[in-house]
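Colleague: Let me see the structure of the following:
(2 chains)
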Amino acid sequence: MHKRTETICGESSIVPNFEEIGNNPNFVFNADPNFEPLTLFNENGNTVLVNSWLECANYVNGGWTNYFSDYFNGEFIYFTLVSVSFLIYLIRKRIIYSEE
Amino acid sequence: MKNNLNKTNKLKIFFLLAVIFASFKFYKIPDVPPRPLTPENASFYQEYPCTFTIVDLIGQVGNDYKVEFYSNAEGPTECFGLNSWVEYQPPQLVENGWKEFKPDKIKVWISKNMHMDLLVQSIFWLILFSFIPKTKQKKLYINNALVLVSTLIFYLHLYGEKYFYKSISRDYDIELFSYEFSGELYTENYFLYGYLLSIFAIVFVFKDLVEHRIGNLINYLPYVFLIYGTFSTLNLNIYLIFFSFLGLVAIKSKKLNLKISLFYLGISTVWVFNYTESEILFDVDKLRGFINSSQTISSLIYWVVIYFLFIVGINFTINQGIENFDKKIIIRNFLISSSGILFIGIISSFSIFANYLTFYFFGLNKFPMRSFQSIEGNTWRGIAPSAEGMGEFFAFVLLFILLFLISAKIKLNKYELALFVVVFYGLVRTNNFAALISLLILALTFFLFKRFGNAKKIFLFYLIISTALSALYITRYQEFSYQYLSSAVIYEGVQATEMSYNFVANQYGQTDQKLGNYRLLLDLPNEQTNLSSSLRYVTKNYDDGPNLKGIPSLNSLVNISAYFVNRAEKWGIFLAKYDPTIVEFLFGYGPQQFNEYYFGHNSKYNFGLFLPHSSLFNYLIFFGLFGVLGMSIFILLKFKNSKSLVPKYLIIFFMLNLIKSDALLYIPNLVLLIFVLNIDKLLKDN
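Modeller: Numbers count the residues shown, from 1 in each chain, chains lettered A, B, ... in the order given. Next up is the predicted model:
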């Protein structure tokens, strides 16, 4: 999530404590004039406009994003597909080798 | 056994078709029906990205609008092969045209993804590679550890060329593991794991395939021109992976020239210590796969290593193939490959579908021509990225065959003769006049020498012809004065320079820059004329250099020659941009390093891809004067020590053409040059 936060919200020296934010119902995110407001959405299609890096990081940590493909872990599926295919190749090679 | 072989080949063909079918999701039925590709429906397709396959879209192409397909490198994995964006482009005014418009068109982008490309394209090419027949007598034993080393080298590539990969992948991350904000270990960087595993698998499968085929590889080298091997989105070429791996094998087998390797190591140290990092991204454009994109030390080290391994790998392949080298097979393959380029180019120019598939599965650096009509300069490049480079290849194939035919060492059957004519037609369409002329002169000279065996008479014959032609030109056709011709390149260089000096124009609005007042430009402060170090040196030499009455200087001769080979403007731009320090001039910037040349000095041409149009200049940028001299001496020694006449003629052909073309920036042409430099030993043993 750390990397995804960087990708969506940009880099920051702030080390957020999400647990503390989550446990405090009165926590208010102060708008940062240097942060370009960003619209995030969740899986249900709800949208939110975030005005600071911390607010953005908090939402991203909660599964919100600004890119529709983030809900599909394509790289993981790809990795699994290549791993399985390569394994099949190795097993087949082994069988042919033992037959020879 | 024969039946089994046929069965295997049928299975391979089935797999090739399956890869095409599955990768472009031809089986997919869209959730909403597609609409005709018209300007009004562009917004519909923008609303439904990742929905339609290329077949769905091609079915919607009507006769009213021209539709062109492109690749979008930034697509997510799940959208691979599906529509990404559709846009209507209204008619555009032709540059320098007078009320002349290019027709309007609809542009369609198809999603591509670097991981999927790595998988799909390499499977396709590995299956094609497996068609190369095995050799019975030769088997190579390769240590599996080299596969790992190779993977690490391409990890360095991903790490070094970060600006390129960041621009095409949102998930770019090169850390094997990292930490969450909470301090928890994060080990789910599947972007990197997928990339590394793919490279490992590609090299591993290649290792298995090449072990039994290494002896026969040489006979199938001509196909590097047909299957270009560049990955659609990555700055990577499959031959770079293959041959650099074989380079590692050669090093492991201690089959490399130690002196040359040490010299290369020494010069590499200079490149690394002299390097300045920058956040500039060089737009690799049609050079993709064989040029550095990012100005970082790690990418420089990657290119230093990979270039070396690549060259060693090709040499190793040639040496391993000496016993199996077969003139008949290689000539047949040269003919099939070159005529295949033309045939597929023609098909791709008529069919949108073929155009896209050819681009993708042949690994082209640029989309094939979308029309059979020649373009500016009357050239037609077919599927090649450069008409010039392809023209050289066609001319080379014809010359190669003619030399053997004249020597009566081979005979062509009727099919081969037909293909020979096809290749000649291809050469004519590329409009590479220099390649055609050098082919004709060299073939004629070879014929005359074989027939009469008198070099002096042939020399006299050419002297008379060239003197007569020069006299005819001077008396009848000369357009420009000697003064202009003798400084044509310098003049163009001055025009390409971005000068800040406030010149006063004459009554015709011409400034001293426009008039080419070199003496004044040299006297002005350099901060204001902004002359590059190379242009300043050449201009100073022209202005102050030794002056022998009636005899043109070397500088003037180069300028005049540049004008006649239509290179005055291109080489002038090169001089305006090339601004090396003494160390950079002597040692260069490193292999495939264009960043400093492109962005290091401000000129009127710091945009787009303005190549120097000379492999000599390209290599001067990469390897400096010492490198170019070293290579020249090496080639001269090869020429001198060549036992047969054929390699000598082929070397001359290459040298003549490389001076005025960028061909060595493309992998196939470099492979061909190394093949030519080794041809003598191949013929000697056959």
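Colleague: Flag every residue of chain B that's near chain A.
Modeller: Neighbours of chain A within chain B, by C-beta under 8 Å from any C-beta of the partner chain: B:76-79, B:113, B:115-116, B:119, B:170-171, B:173, B:178-182, B:186, B:188-191, B:193-194, B:197-198, B:201, B:204-205, B:208. To be clear about C-beta, it is placed using only N, CA and C from the backbone, and glycine gets the same treatment.
Colleague: Mind doing that once more with 7 Å?
Modeller: B:76-78, B:115, B:119, B:170-171, B:173, B:178-181, B:186, B:190-191, B:193-194, B:197-198, B:201, B:205, B:208 (C-beta under 7 Å from any C-beta of the partner chain).
Colleague: quick one, strands of chain A?
Modeller: A:38-41, A:47-50 (DSSP state E).
Colleague: go on, chain B?
Modeller: Counting by DSSP E, the strands of chain B are B:66-72, B:83-89, B:92-93, B:101-102, B:105-111, B:178-179, B:185-186.
Colleague: need the contact list for the residue in chain A that chain B sits nearest to.
Modeller: Using C-beta to the nearest C-beta, residue A:74 is the residue of chain A that sits closest to chain B, at 2.7 Å. By C-beta atoms under 7 Å, 6 or more residues apart in numbering or on different chains, the contact list for residue A:74 reads B:76-78.
Colleague: picking that back up, got the strands of chain A as TSV, with mean neighbour count columns?
Modeller: Formatted as TSV, those follow (neighbours: other C-beta atoms under 10 Å in any protein chain shown):
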stretch	mean neighbour count
strand A:38-41	17
strand A:47-50	14
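Colleague: Make TSV from the ones you listed and add distance to chain B to it.
Modeller: Formatted as TSV, the strands of chain A follow (distance: least, C-beta to the nearest C-beta, whole Å):
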stretch	distance to chain B
strand A:38-41	15
strand A:47-50	17
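Colleague: can I get these in a markdown table with distance to residue B:524?
Modeller: A markdown table is the format used below for the strands of chain A (distance: least, C-beta to C-beta, whole Å):
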| stretch | distance to residue B:524 |
| --- | --- |
| strand A:38-41 | 51 |
| strand A:47-50 | 55 |
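Colleague: Adding mean pLDDT, write those out as JSON lines.
Modeller: Formatted as JSON lines, those follow (pLDDT from 0 to 100):
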{"stretch": "strand A:38-41", "mean pLDDT": "94"}
{"stretch": "strand A:47-50", "mean pLDDT": "94"}
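Colleague: And residue A:20, how close does it get to residue A:58?
Modeller: Remark: distance between residue A:20 and residue A:58 (C-beta to C-beta, to the nearest Å) = 11 Å.
Colleague: how long is stretch B:512-525 from one end to the other?
Modeller: 14 Å (C-alpha to C-alpha, to the nearest Å).
Colleague: mind listing what's buried in it?
Modeller: B:512-513, B:516-518, B:521-522, B:524 (16 or more other C-beta atoms under 10 Å in any protein chain shown).
Colleague: Identify the farthest-apart pair in these.
Modeller: B:516 and B:524 (13.7 Å; C-beta to C-beta).
Colleague: which residues sit in contact with residue 10?
Modeller: Looking at chain A here, since you left the chain open. Contacts of residue A:10 by C-beta under 7 Å, 6+ apart are residue A:53.
Colleague: not quite, I wanted chain B
Modeller: Residue B:10 touches nothing, counting by C-beta under 7 Å, 6+ apart.
Colleague: hmm, back to that, any idea which of the contacts of residue A:74 is closest to chain A?
Modeller: For the contacts of residue A:74, the nearest to chain A is residue B:77 (2.7 Å; C-beta to the nearest C-beta).
Colleague: Please verify my assumption that that closest one contacts residue A:75.
Modeller: Yes - judged on C-beta atoms under 7 Å, residue B:77 makes contact with residue A:75 at a distance of 6.5 Å.
Colleague: Columns mean pLDDT on top of the strands of chain B, output as TSV?
Modeller: What follows is the strands of chain B, written out as TSV (pLDDT from 0 to 100):
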stretch	mean pLDDT
strand B:66-72	93
strand B:83-89	95
strand B:92-93	81
strand B:101-102	80
strand B:105-111	95
strand B:178-179	89
strand B:185-186	89
